[in-house]
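Trainee: could you work out the structure for the sequence below:
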Amino acid sequence: MATIRPFQGLRPRSEIAEQVVAPPYDVLSEAEARDIFARLPRSFIQVTRPEVNLPAGVDAHGREAYAAAGLALQSLIAEGTLEQDASDCFYLYAQKMGDHRQVALMALCSTDEYDAGTIKKHEFTRPDKEQDRVDHMLGVGAQTGLVFLAHRANAGVAEALSSAVAEPLFTITSEDGVEHSLSRVGGASDIARIGAAFEQLEALYIADGHHRSAAASRVAAERGGEAKWFLCGIFPDESLYCMAYNRLVRDLNGFTPGALRKVLAREFELVDGVAPVPTERGTFTMYLEGTWTLLRPLPGVVPEGDPVASLDVAVLQDRVLAQHLGIDDPRRDTRVEFVGGIRGAGFLSDAVDGKRAAIGFHMVPTGLDQLFRVADADRVMPPKSTWFEPKLAGGVLVNLLG
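Mentor: Numbering: from 1, shown residues only. Just a heads-up that it's a prediction; the model follows:
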């Protein structure tokens, strides 16, 4: 059972939303965040990246920064840039990128269900990043980051959402060309129907936001009450756009290109001169010395029935990166760079041709069906297994604590 709640969302005033909504905090460098704030002084970036309001060199994860984030949020409320709805609502957050459109239900989910495993995870969290989210949440007195949840497509949920009366609030286009639209569902019967439909789901799954979810659970344990509910954007799996999460490796760990190919041929069929982007699950491509090569595991290489070890990203990590290139801990090894599929195969080949890396790997996207199987088995994926586009923007909705 998935329990969701409506809430009194804090959101940008409709006529200035384009000046407020910002890229997600974790895809920007400090320089990029400062540039946005210099151009758009109402941008929500001042809450999610509060160092933009502080002198260069100040610790972006220190007490001063979290206090600045809280002051920035209060200032945006006081000046009327952000306004709070007077009654509990659900919200529909639609995004359009090219021909792809996806719609999330914005609602509060239960930290008790997260703790119990009804909201399922597939990734380990890092203590430092988790603590950063706890400190930020307490510093601003709000949940400002959306947790990205997915669920298996359900006809009852789809019907409840499509039949709801939704009042448009704003439609804007962000600098990356993605259209973002927010509408509000406030009718009592619609709210009840949507809540009942979600109760029929067996589970929700974290697609992105493991650190924000874990932080919400910790804040709930400390504060209780309304803090036991956290802000989520919930999508049906069929609507999401999964992209590859690719790899670049700085060097060949002492191998010559020919020697590396020779050892890889013991476990993979190598097909040279292929298209850069692989299309068949169970394969990936390698860019080395100006050539794209398809790697297909030989029989017996991939463990059958193991939802984690059979993932393409796991095969690459276990059989290539760790076994031959010496990358045993991809979370901390600086020799490997993870590259979102939105950058394209040309980014990989350009990096290798330009000597910024020695070798590149292009993956087939990890699917939601694979994510669900791993989470259902209470397992975790290798780091950087999934990449979703478009990203959920910052400042679309905020949930005040208390």
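Trainee: mind exporting stretch 240-251 as PDB, just the C-alpha atoms?
Mentor: Taking Å, rounded to 0.1, in the frame of the first residue of the first chain, the C-alpha atoms of stretch 240-251 are listed here in PDB:
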ATOM      1  CA  LEU A 240       9.900   7.800 -17.900                       C
ATOM      2  CA  TYR A 241      12.800   8.300 -20.300                       C
ATOM      3  CA  CYS A 242      15.800   6.300 -19.300                       C
ATOM      4  CA  MET A 243      19.100   7.100 -20.800                       C
ATOM      5  CA  ALA A 244      22.500   5.400 -20.700                       C
ATOM      6  CA  TYR A 245      25.000   6.200 -18.000                       C
ATOM      7  CA  ASN A 246      28.400   6.000 -19.700                       C
ATOM      8  CA  ARG A 247      32.000   5.700 -18.500                       C
ATOM      9  CA  LEU A 248      35.300   7.300 -19.300                       C
ATOM     10  CA  VAL A 249      38.600   5.900 -17.900                       C
ATOM     11  CA  ARG A 250      41.700   8.000 -17.700                       C
ATOM     12  CA  ASP A 251      44.300   5.300 -18.500                       C
END
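Trainee: can you give me the buried ones in it?
Mentor: Leu240, Tyr241, Cys242, Met243, Ala244, Tyr245, Asn246, Arg247, Leu248, Val249, Arg250 (16 or more other Cβ atoms under 10 Å). Any C-beta I mention is one placed from the backbone N, CA and C, and that applies to glycine too.
Trainee: can I assume the fifth one is in contact with Gly360?
Mentor: No - no contact is recorded between Ala244 and Gly360 when judged using Cβ atoms under 8 Å, the distance being 11.6 Å.
Trainee: which residues of the stretch 201-350 of the chain fall in strands?
Mentor: Assigned by DSSP state E, counting those that start in this stretch, the strands in the stretch 201-350 of the chain fall at 204-208, 229-236, 241-243, 245-249, 268-272, 284-288, 291-297, 336-340.
Trainee: any idea which residue sits dead centre in this protein?
Mentor: Nearest residue to the geometric centre of the chain (Cα atoms, centre = their mean): Asp208, 3.5 Å.
Trainee: run a quick neighbour tally on the nearest residue to that residue once chain neighbours are set aside.
Mentor: Leaving aside its sequence neighbours, Asp208 sits nearest to Phe148 (Cβ to Cβ, 6 or more residues apart in numbering; 4.0 Å). Using other Cβ atoms under 10 Å, Phe148 has 23 neighbouring residues.
Trainee: what is the rounded mean pLDDT of the helix or strand hosting Phe148?
Mentor: Using DSSP states H and E, Phe148 sits in strand 147-151. Strand 147-151 carries an average pLDDT of 96.
Trainee: pull the CA atoms of it into PDB?
Mentor: The C-alpha trace of strand 147-151 is given here as PDB (Å, rounded to 0.1, in the frame of the first residue of the first chain):
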ATOM      1  CA  VAL A 147      12.400  12.900  -4.400                       C
ATOM      2  CA  PHE A 148      11.800  11.200  -7.700                       C
ATOM      3  CA  LEU A 149       9.700   8.100  -7.300                       C
ATOM      4  CA  ALA A 150       8.300   5.600  -9.800                       C
ATOM      5  CA  HIS A 151       5.700   2.900  -9.800                       C
END
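Trainee: packing partners of the helix or strand following that strand?
Mentor: Proceeding N to C from strand 147-151, the next assigned helix or strand is helix 155-163, under DSSP H and E. Applying 3 or more Cβ pairs under 8 Å, 6 or more residues apart in numbering; DSSP states H and E, one finds that helix 155-163 makes contact with helix 188-199.
Trainee: next, the angle strand 229-236 makes with the helix it packs on.
Mentor: With axes from the mean of the first three to the mean of the last three Cα atoms, to 10 degrees defining the directions, helix 188-199 sits at 80 degrees from strand 229-236.
Trainee: packing partners of helix 188-199?
Mentor: Taking 3+ Cβ pairs under 8 Å, 6+ apart as the contact cut, helix 188-199 packs with strand 4-5, strand 90-97, helix 155-163.
Trainee: in its sheet, what does the helix or strand following the second one sit against?
Mentor: Sequence order places strand 100-110 as the next helix or strand after strand 90-97, per DSSP H and E. According to DSSP bridges, strand 100-110 has the following sheet partners: strand 4-5 (antiparallel), strand 90-97 (antiparallel), strand 229-236 (antiparallel).
Trainee: nearest to Ser213, out of these?
Mentor: Ser213 sits nearest to strand 229-236 of all those, at 6.9 Å, using Cβ to Cβ.
Trainee: isn't Gln317 up against Met381?
Mentor: No - between Gln317 and Met381 there is no contact under Cβ under 8 Å: 10.3 Å.
Trainee: circling back: for the strand holding Phe148, enumerate the helices and strands it packs against.
Mentor: Counting contacts by 3+ Cβ pairs under 8 Å, 6+ apart, strand 147-151 packs against strand 100-110, strand 204-208, helix 210-223, strand 229-236.
Trainee: mind running it again at 6 Å?
Mentor: Applying 3 or more Cβ pairs under 6 Å, 6 or more residues apart in numbering; DSSP states H and E, one finds that strand 147-151 contacts strand 204-208, strand 229-236.
Trainee: can you tell me which of those strands is nearest to Gln8?
Mentor: strand 229-236 (11.9 Å).
Trainee: related to what we said a few turns ago, would you format the strands of the stretch 201-350 of the chain as a markdown table with mean pLDDT included?
Mentor: Formatted as a markdown table, the strands of the stretch 201-350 of the chain follow (pLDDT from 0 to 100):
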| stretch | mean pLDDT |
| --- | --- |
| strand 204-208 | 96 |
| strand 229-236 | 97 |
| strand 241-243 | 95 |
| strand 245-249 | 98 |
| strand 268-272 | 98 |
| strand 284-288 | 98 |
| strand 291-297 | 98 |
| strand 336-340 | 95 |
